[in-house]
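Visitor: The amino acid sequence is not available; the structure is as follows:
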C-alpha cells in the first residue's frame, strides 16, 4: 500500500493505474476509520478497481474550532485498517497541501445545504462540497463511495457532481450499525457508557418509524411526530430536528409515496449524533426497506 501526502504523487499513481486498465475507486474520509468506512472500502474492492482512500480532516466543514481541534486523528490505526482491507493508495495530505493560501473558491449547493443539518451548522456543506470537488479533481475517480448514514451529504454531493458534469459515479452504501443498534460514527468515541445507552433512543425511534412505513403509514407528519415524542421522552437526549423528506431532493414530504428518508439529529451530552432510515420503491414492493 502506498501512502502519499502530495497531490502530484496521487495523480502520478492514478495515471499509472489507468495505464494498466484499472478503474479508480475512491473513498473520501476524515479518518478515525470505523466499520462504516470499512464497508465503503470493501465495496470499492469488490468492484475490482484501484482503491484510493483519502484521510483529511477538512477545517472548512467545522463551525466550531474546538470541535475541529478535538476531532480524533488516529492515523497509524487508520493505516493499519487500510492495509488490512487491501487499499492500494492512501492520500493523507497536510492542511497546507490542500489549502496552501487559504480557500478563495467555495462550491455550494443552495437550498439543499440549508435544511436539516445545514440549519444547525451554517456553511458546513459548503465546506464539504468544496473539499470533495477538490478531491475529485485530484483523484479523478470513476466511482466514489459514500455512506448512506450521511444521507444529506450524499444527496448534496450527488447533485453537485451532476450540476458540474463531473465524470464520477457517486455511489451510496448502506448505513452500518453496531451490535446495539447505534449507527457507526467517528464521534461515538466521545460517548460515555451512560450516554451511549441514552443515544440508543435515536436508533430505536427511527427504526420504529421504518416499521410504521412498512406497515402502511404514509402520513409524513405523523411519522415525524412519533419520532419527536420518543426522543422527547428519552432522558439526556436533546433533539435538533426530525425530518421526513425525499432522499434525492431533500424536499419535505406530506405523504410518503415511492421513496422516503426519515432523519434526525440529537445531542447526547456534548456529542452531536445523526441517524436515519431510508426506504425506496415502496410503491413497487408495497412497503419495504
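Guide: Yep, it's here. These numbers come from a predicted model, not from an experiment.
Visitor: hey, let's count contacts and neighbours off CA atoms from now on
Guide: Noted.
Visitor: what is residue 50 paired to in the beta sheet?
Guide: Under DSSP bridges, the beta-bridge partners of residue 50 are residue 24.
Visitor: can you give me the strands in the stretch 51-200 of the chain?
Guide: Along the stretch 51-200 of the chain, counting by DSSP state E, counting those that start in this stretch, strands occupy 89-91, 143-147, 169-173.
Visitor: Might you calculate how far the last one sits from the centre of the chain?
Guide: Distance of strand 169-173 from the chain centroid (Cα atoms, centre = their mean, to the nearest Å) equals 11 Å.
Visitor: Outside of it itself, list whatever touches it.
Guide: If you take Cα atoms under 8 Å, 6 or more residues apart in numbering as the criterion, strand 169-173 is touched by 39-40, 43, 142-148, 154, 157-158, 161.
Visitor: can you do 7 Å?
Guide: 40, 142, 143, 144, 145, 146, 147, 148, 154, 158 (Cα atoms under 7 Å, 6 or more residues apart in numbering).
Visitor: Out of those, which comes closest to residue 228?
Guide: The closest of the contacts of strand 169-173 to residue 228 turns out to be residue 148 (Cα to Cα; 21.6 Å).
Visitor: Can you give me every residue that contacts that closest one?
Guide: 154, 172, 173, 174, 175.
Visitor: Would you list the buried entries among these?
Guide: Neighbour-count burial (16 or more other Cα atoms under 10 Å) is assigned, among the contacts of residue 148, to 154, 172, 173, 175.
Visitor: how far away is the last one from residue 36?
Guide: Same thing as residue 175. Note on residue 175: its distance to residue 36, by Cα to Cα, to the nearest Å, is 7 Å.
Visitor: Repeat that for the third one.
Guide: Relative to residue 36, residue 173 is positioned 9 Å away (criterion: Cα to Cα).
Visitor: for the second one, same thing?
Guide: Distance check for residue 172 against residue 36: by Cα to Cα, it reads 12 Å.
Visitor: Likewise for residue 254?
Guide: 31 Å.
Visitor: quick one: which of those two has more around it?
Guide: Applying other Cα atoms under 10 Å to residue 254 and residue 36 shows that residue 36 carries more neighbours, namely 22 against 13.
Visitor: Of all pairs in the contacts of strand 169-173, which one spans the longest distance?
Guide: It's 142 and 148 that sit farthest apart of these, by Cα to Cα, at 19.0 Å.
Visitor: Just give me the residue right at the centre of this structure.
Guide: Taking Cα atoms, centre = their mean, the centroid of the chain lies closest to residue 150, which sits 3.1 Å from it.
Visitor: for the chain, what spans make up the helices?
Guide: Assigned by DSSP state H, the chain shows helices spanning 7-19, 35-46, 65-70, 75-84, 95-98, 117-120, 124-139, 151-163, 193-214, 220-233, 282-285.
Visitor: and of the ones you listed, who's closest to residue 182?
Guide: Across the helices of the chain, closest to residue 182 is helix 193-214 (Cα to Cα), at 5.9 Å.
Visitor: How far off centre is that closest one?
Guide: 19 Å.
Visitor: for the record, mean pLDDT for that helix?
Guide: Helix 193-214 carries an average pLDDT of 98.
Visitor: Tell me the buried residues in it?
Guide: Buried residues in helix 193-214 (16+ other Cα under 10 Å): 195-196, 198-210, 212-214.
Visitor: Alright, I will stop here.
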